[in-house]
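S.K.: Generate coordinates for the sequence data below:
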Amino acid sequence: MAHSLPIQYDFSLRDHNTFGVEASAHAYLPIASSVMLAEVKSDATLAAMPRLVLGGGSNILLTKDFPGLVLHMEIKGIEIVGEDEDATYVRAAAGENWHQFVQWTLQHNLGGLENLSLIPGSVGAAPIQNIGAYGIEIKDRFHSLTLFDFETGEQTTLDKAACMFGYRDSVFKHRLRDRAVVIDVTFALPKKWQAVIRYADVTQELAARKITQPTAQDISAAVIAIRTRKLPDPAVIGNAGSFFKNPVVTPSQRDTLLATYPQLVNYAQPDGSVKLAAGWLIDQCGWKGKTAGAAGVYENQALVLVNRGGASGAEIAQLAASIQVDVAQRFGVQLEPEPIFL
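M.R.: Coordinates of the predicted model:
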């Protein structure tokens, strides 16, 4: 069956992953509308190919060439779609830049997403990873999303419960992996906004700015300043932000570690578990600022792996594995990468 889709073959993905790793896709298609997804589904040759859905490329490590079809989500659009006494509902298309979307909400005096400022990536990828920072996760502001189901060929709406959000986790990493493509996401932004400033970095930054009653814009500015200091700009040095999840342990495991390491950075969680700071664990193992070939660990934040120039995805993966081994041997804690390895 003939199609008119603008597919490019043997396409370099170097400029489409924030690590700046050189890898190619057998076939590449920018998706500008949901209709194009239906066209891919209806073409037997394209539908049979392995698929990779790409947004901003900020949560992926390409360790080899991709042998199938890359669908690069470029659908755009942001609109207020409704309100009730509790919230204003804002829908953003999957191809919108996440940080620019957050700034759009703030410009329209809609608070709620400010703690998630400057996180790289796209709106469509945000619920897949249930991105979070400084006390807020996507699930806290999520209302619903629209997806295209490659199994049925239909568009479906999922609510929060159906997305099965967890820590950097969702149904899209499990039952709907390789099947669903997010088209747009609707957020419920609270009308009774309250500042979320329980993280020390944020309170210290606000204090330094002499702000005692912060607005949503103030918190966004503080978070941008913190992230700019801690994290390298992918346009300057290749990286995917925080590379490892903060490991979750039991209170007894935390207490055992505290007996040996009194400075252990840890955060009690609402469910009774304890989250450890992965960056602190890596730093204690002496990895901060280290280099292995062309891959390395960022000087200002041990949680960030970087491409110092010309590193392959395999080199970065090997560095990550070495760090995992060291942390496990010293602390008895398993680190889990955030990016998806391909």
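S.K.: Confirm for me that Ala277 is in contact with Leu257.
M.R.: No: at 11.7 Å, Ala277 does not count as touching Leu257 under the criterion of CB atoms under 8 Å. To be clear about C-beta, it is placed using only N, CA and C from the backbone, and glycine gets the same treatment.
S.K.: Start from the N-terminal end of the stretch 51-200 of the chain and give the helices.
M.R.: Using DSSP state H, counting those that start in this stretch, the helices of the stretch 51-200 of the chain run over 98-107, 126-129, 160-163, 200-208.
S.K.: tell me the mean pLDDT for the lengthiest helix in the chain?
M.R.: The single longest helix within the chain, with elements called by DSSP state H, is helix 313-331. Throughout helix 313-331, pLDDT has a mean value of 96.
S.K.: Please apply the same query to stretch 289-301.
M.R.: Mean predicted confidence for stretch 289-301 is 93.
S.K.: Also stretch 113-125?
M.R.: The average pLDDT for stretch 113-125 rounds to 94.
S.K.: cool, and stretch 11-18?
M.R.: 94.
S.K.: Adjust the sequence numbering to begin at 16 for everything that follows.
M.R.: That works, and once the first residue is 16, the last one we named lands at stretch 26-33.
S.K.: how far does that stretch stretch from start to finish?
M.R.: The straight-line separation of the ends of stretch 26-33 (CA to CA, to the nearest Å) is 16 Å.
S.K.: Could you check how far it is from the centre of its chain?
M.R.: 17 Å (CA atoms, centre = their mean, to the nearest Å).
S.K.: What residues sit buried inside it?
M.R.: If you call a residue buried by 16 or more other CB atoms under 10 Å, then stretch 26-33 has these buried ones: 26, 28, 31-33.
S.K.: quick one: which of the residues you listed is nearest Ala329?
M.R.: Asn32 (13.9 Å; CB to CB).
S.K.: For that closest one, which residues are in contact?
M.R.: The neighbours of Asn32, taking CB atoms under 8 Å, 6 or more residues apart in numbering as the test, are 38, 72-73, 75-77.
S.K.: What sits closest to it if chain neighbours are left out?
M.R.: Nearest non-adjacent residue to Asn32, counting by CB to CB, 6 or more residues apart in numbering: Gly72, 3.8 Å away.
S.K.: cool, Ser137 as well?
M.R.: Nearest non-adjacent residue to Ser137, counting by CB to CB, 6+ apart: Gly70, 3.3 Å away.
S.K.: Residue ranges in the protein under the pLDDT threshold?
M.R.: Within the chain, the set of residues satisfying pLDDT under 70 comprises 16-18.
S.K.: isn't Phe346 right up against Leu272?
M.R.: Yes: the criterion here is CB under 8 Å, and Phe346 meets it with Leu272 at 6.3 Å.
S.K.: distance of His158 from Thr201?
M.R.: Plainly put, His158 is 4 Å away from Thr201 if you go by CB to CB, to the nearest Å.
S.K.: Look up the residues that both of these two are in contact with.
M.R.: Common neighbours of His158 and Thr201 (CB under 8 Å, 6+ apart) are Tyr104.
S.K.: one step back: name the surrounding residues that touch the helix or strand that the longest helix of the chain is followed by.
M.R.: Downstream of helix 328-346, the first helix or strand assigned by DSSP states H and E is strand 355-356. If you take CB under 8 Å, 6+ apart as the criterion, strand 355-356 is touched by 74-76, 78, 328, 332.
S.K.: could you redo the last one with a cut-off of 6 Å?
M.R.: By CB atoms under 6 Å, 6 or more residues apart in numbering, the list of residues contacting strand 355-356 from outside reads 75-76, 78.
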